[in-house]
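In: how would this look folded up:
(chains A and B)
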Amino acid sequence: MNFELLLFIVFALVAAVSSLMMITRKNAVISAVFLVLNFFALAGLYLLLNAQFIAVVQIIVYAGAIMVLFLFVLMLLNTGKEEAILHGKKPIKYFAIFIAAVVFLQVAYLLVFGSGSFTSNPDIEASLSSGTVETIGREIYTKYIIPFEAAGFLLLAATIGALILAKKKFE
Amino acid sequence: MDIWGIVIESVVKILFVLTIMLLTVSYLVLAERKVSAWIQSRLGPNRVGWGGALQPFADVAKLLLKEDIVPKAADKTLHTLAPFLAIFIAFSTYAVIPFGPPITLFGREINLHLADVNIGVLYVLALTSLGVYAITFAGWSSGSKYSLLGGIRSSAQMISYEVSMGFSIGGVVMMASSLSPVDIIESQSGWMWNAIVQPIGFITFLVSAFAETNRLPFDLPEAEPELVGGYHTEYSSMKFASFFMAEYANMIIASGMIVMLYLGGWQVPYIEKLGLGSPFTQIIQTLSFFVKVGFLLFFFIWVRWSIPRFRYDQLMNLGWKVMFPLSLLNIVWVAVVIMLFN
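Out: Okay, the predicted model is just below:
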């Protein structure tokens, strides 16, 4: 239990620090690197919750595929102009501070007054097996088959749309 | 007692695997030079040691003593991080590949792999998908056009071939109905090797493995006539050596994966019928794993010195228009086989 707590603290610290670094770096590529580090810390936290499948998928899909494409775009674009945009418009800054304050108050309210709803699942056996590939696969292909197929259909439509947009002359 | 037993067992196994990996990597470089010399009717390195046997150590000494140059335009942190990342990913992938049957030593049952994770295959896929980062970082942080082009080519290539690689593995997972490497090997007992049951998947995986390890005929990221050295143009000394070692370590991992997924892992068909007794059978099985990996490594080198490099559009066409549909076909084929024989 103590070892688990230690791991949680390490992963949580890495996640918090890397997300802070991500939004404060001026170079967009470095920001992306910190976001990847953040994904890793999250995957570690998922592992601590016995959600092995989600942990690995987090790395394969987010860190391995999506962020690589992001990095591609960032490396090929000229990202030096970003600072100028933020310096020119002050109202955006105040609006951002306002949104951040609202979100902070919400989280603080939940942490202070909403502690009753944070009970952990007492059924340890069920929670141990709930994150495995077998359980998730069975649930997806039986109970949640319609939402799953609908999501697949949406993704297919998006893929075809992207193809049409990418092709300049579409016969 | 028991917890210390586990700790000692793990440390010994990690040291064993690391030593074997490092030695194989250094001698694989020598083997590549020797085999290429043999294919081209040359002698190859034969001055250091007996017939060139100490050449790897001379190479390491040379690389260690060279000056480590970081270009002025480089992003220093990422430029230093990239080679370490490459070698870290290459070596940590090996943790889930079993290299022998469970053996009994000093009254303990010892599994000949570092970790039996029930998502083992996904773990390997996750780490190989991260291998792109080392090359992309190296390409971008060097501050050189050749490096950037090499890095971008390589990431596009690896992402493209990861798709057909993942789908080929899908067929294997369907046969074993498990993601655990141990179960996958046990599902291929006798002559039920996946290379025989699903030959299409075997071929698509093999081709994807060549593309993932950036080996000829798919070594476009470091195509010398166009890109100087590709993503490692601006690296020297041990940092360059790290990329070099990572490439060869990736070859060993790809061979280990092919043996585990398609060639029955450490199993020798019908060896239990010979009645050799447990230590001999286990020794033969473990050796058979190393022999299979050794042959595949020779195959990698053989292909490199036999087939010329693809053009970039040919590579992408092959990946998306040939390998990807074939790997989908393989999944249908495996489904039919499972329906008919189970």
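In: so where does residue 91 fall, helix or strand?
Out: Picked chain A for this. Using DSSP states H and E, A:P91 maps to helix A:90-113.
In: looking at chain B here, not the other one
Out: According to DSSP H and E, B:F91 maps onto helix B:76-92.
In: Give me the buried positions along that helix.
Out: When burial is assessed from 16 or more other CB atoms under 10 Å in any protein chain shown, helix B:76-92 yields the following buried residues: B:78-83, B:85-91. (Glycine included, C-beta is placed from N, CA and C.)
In: what's B:S180 in contact with, if anything?
Out: With contact taken as CB atoms under 8 Å, 6 or more residues apart in numbering or on different chains, B:S180 is in contact with B:D116, B:V117, B:N118, B:I119, B:G120, B:V121.
In: Just to check, the last one is in contact with B:D183?
Out: No: the pair B:V121 and B:D183 does not pass the contact test of CB atoms under 8 Å, sitting 10.0 Å apart.
In: can I see the domain layout of chain A?
Out: As assigned by automatic domain parsing, chain A contains the domains A:1-82, A:84-113, A:129-171.
In: how close does B:E162 sit to A:F72?
Out: From B:E162 over to A:F72 the distance is 15 Å, taken as CB to CB, to the nearest Å.
In: Compare those two (neighbour count), which wins?
Out: More crowded of B:E162 and A:F72, by other CB atoms under 10 Å in any protein chain shown: B:E162, with 22 against 18.
In: confidence score at the more buried one?
Out: Listed pLDDT for B:E162 reads 84.
In: Please apply the same query to the one 5 residues further on.
Out: Confidence at B:F167, expressed as pLDDT, is 88.
In: Assign a three-state SS to B:W191, would you?
Out: Following DSSP: H, G, I helix; E, B strand; the rest coil, we place B:W191 in the coil state.
In: circling back: make a markdown table from the domains of chain A and add distance to B:A156 to it.
Out: Shown next, in a markdown table, are the domains of chain A (distance: least, CB to CB, whole Å):
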| stretch | distance to B:A156 |
| --- | --- |
| domain A:1-82 | 8 |
| domain A:84-113 | 30 |
| domain A:129-171 | 14 |
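In: The residue in chain B that chain A sits nearest to: helix or strand, and which one exactly?
Out: Closest residue of chain B to chain A, CB to the nearest CB: B:S129 (2.8 Å). Per DSSP H and E: B:S129 is located in helix B:120-141.
In: next structured bit after that helix?
Out: As assigned by DSSP H and E, the chain's next helix or strand after helix B:120-141 is helix B:145-176.
In: roughly how far out does that following helix sit from the chain middle?
Out: With CA atoms, centre = their mean, to the nearest Å as the basis, helix B:145-176 stands 13 Å off its chain's centre.
In: before we move on, what about stretch A:24-42?
Out: Counting by CA atoms, centre = their mean, stretch A:24-42 comes out at 12 Å from the chain centroid.
In: contacts for that stretch?
Out: A:11-12, A:14-15, A:18-19, A:21-23, A:58-59, A:62-63, A:67, A:70-71, A:74-75, A:79, A:82-83, B:75, B:78, B:133, B:137, B:140.
In: Make a ChimeraX selection of whichever of those turn out to be buried.
Out: Command for ChimeraX that selects the buried part of the contacts of stretch A:24-42, burial taken from 16+ other CB under 10 Å:
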select /A:11,14,15,18,19,21,22,58,59,62,63,67,70,71,74,75 /B:75,78,133,137,140
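In: And the residue of chain A closest to chain B?
Out: A:G64 (2.8 Å).
In: B:N118 falls within a strand, correct?
Out: No: under three-state DSSP, B:N118 sits outside any strand and is assigned coil.
In: Tell me the spatial nearest neighbour of it, not counting adjacent residues.
Out: Leaving aside its chain neighbours, B:N118 sits nearest to B:S180 (4.8 Å; criterion: CB to CB, 6 or more residues apart in numbering or on different chains).
In: Got phi/psi on that neighbour?
Out: phi -80, psi 130 (degrees, to the nearest 10).
In: other SSEs contacting the helix holding B:S129?
Out: With contacts taken as 3 or more CB pairs under 8 Å, 6 or more residues apart in numbering or on different chains; DSSP states H and E, helix B:120-141 sits against helix A:28-48, helix A:52-57, helix A:67-76, helix B:76-92, helix B:145-176, helix B:181-186, helix B:237-262.
In: hmm, the last one in reach of chain A?
Out: No: using CB under 8 Å from any CB of the partner chain, no contact is recorded between helix B:237-262 and chain A, whose separation bottoms out at 15.5 Å.
In: What is the subsequent helix or strand relative to that helix?
Out: Where DSSP H and E defines the elements, the next helix or strand beyond helix B:237-262 is helix B:278-304.
In: by how many degrees do that next one and helix B:237-262 diverge?
Out: Angle, helix B:278-304 to helix B:237-262, by axes from the mean of the first three to the mean of the last three CA atoms, to 10 degrees: 120 degrees.
In: in helix B:278-304, what counts as buried?
Out: Neighbour-count burial for helix B:278-304 flags B:281-282, B:284-286, B:288-290, B:292-294, B:296-297, B:300-301, B:304 (criterion: 16+ other CB under 10 Å).
In: For it, what is the distance to the chain centroid?
Out: A distance of 14 Å separates the centroid of the chain from that of helix B:278-304, by CA atoms, centre = their mean.
In: Would you mind listing where chain A has pLDDT under the threshold?
Out: Residues of chain A meeting the criterion pLDDT under 70: A:1, A:78-89, A:115-130, A:169-171.
In: For chain B, which residues are neighbours of chain A?
Out: Within chain B, the positions near chain A by CB under 8 Å from any CB are B:75, B:78, B:117-119, B:122-123, B:125-126, B:129-130, B:132-133, B:136-137, B:140, B:148, B:151-152, B:155, B:159, B:162, B:179.
In: got a list of contacts for stretch A:3-19?
Out: If you take CB under 8 Å, 6+ apart as the criterion, stretch A:3-19 is touched by A:F34, A:L35, A:L37, A:N38, A:F40, A:A41, A:L42, A:G44, A:L45, A:L48.
In: Counting neighbours, which of the residues you listed end up buried?
Out: Buried, going by 16+ other CB under 10 Å: A:F34, A:L35, A:L37, A:N38, A:F40, A:A41, A:L42, A:G44, A:L45, out of those.
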